[in-house]
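Asks: Predicted model, plus sequence, below.
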Amino acid sequence: MGKRKVTMMVCDNPECDNEEEIFPGGPTLGYHLGRGAWHNVRGGGPIPPTYACSIDCISPAVAAMMDTDG
């Protein structure tokens with residue numbers, strides 16, 4: 001039986017339920033953000049790695065991730 005590993009990318013926008021399967025060597029879909037931007041919410045710190053499936057989901061996804069501990 002053959003096996004294949006895939007990565008499930010779930011949009012970090014709390015109001016979106018989009019999930020994408022990313023195959024090794026395949027195209028990366030959506031927007032991958034984080035590690036390099038600094039925010040001043042709750043004492044500041046780097047933005048945790050964030051995935052948004054579309055441009056409309058970027059702002060809500062980043063806002064949701066800043067309210068978590070990553």
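Replies: Structure's in. What do you need?

Asks: In terms of helices and strands, where is the residue nearest to P24 when sequence neighbours are not counted?
Replies: Among residues not flanking P24 along the chain, K5 sits closest, at 6.3 Å (C-beta to C-beta, 6 or more residues apart in numbering). From N, CA and C alone the C-beta is placed, and that goes for glycine too. Here K5 sits in a region with no helix or strand, counting by DSSP states H and E.

Asks: The one 4 residues further on now?
Replies: Applying DSSP H and E as the criterion places M9 in strand 7-10.

Asks: Mind listing what's buried along that strand?
Replies: M9 (16 or more other C-beta atoms under 10 Å).

Asks: which helices and strands sit right next to it?
Replies: With contacts taken as 3 or more C-beta pairs under 8 Å, 6 or more residues apart in numbering; DSSP states H and E, strand 7-10 sits against strand 19-22.

Asks: tell me the mean pLDDT for the following helix or strand past the strand it packs on?
Replies: Going down the chain from strand 19-22, the next helix or strand is strand 31-33, by DSSP H and E. Mean pLDDT, computed over strand 31-33, is 86.

Asks: Also stretch 7-19?
Replies: 92.

Asks: hmm, back to that, within its sheet, name the partner strands of the strand holding M9 and how each one runs.
Replies: Note on strand 7-10: by DSSP bridges, its sheet partners are strand 19-22 (antiparallel).

Asks: now the partner strand, how far from the centre of its chain.
Replies: Remark: strand 19-22 is offset 11 Å from the chain centroid, using C-alpha atoms, centre = their mean, to the nearest Å.

Asks: picking up where we left off before, the residue nearest to P24: neighbouring residues, count only.
Replies: 7 (other C-beta atoms under 10 Å).

Asks: how about the CA coordinates for the strand holding M9, as CSV?
Replies: Extracted C-alpha coordinates of strand 7-10, given in CSV (Å, rounded to 0.1, in the frame of the first residue of the first chain):
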residue,chain,number,x,y,z
THR,A,7,-0.1,19.0,5.2
MET,A,8,-3.5,20.4,6.1
MET,A,9,-3.5,24.2,6.1
VAL,A,10,-6.5,25.6,8.1
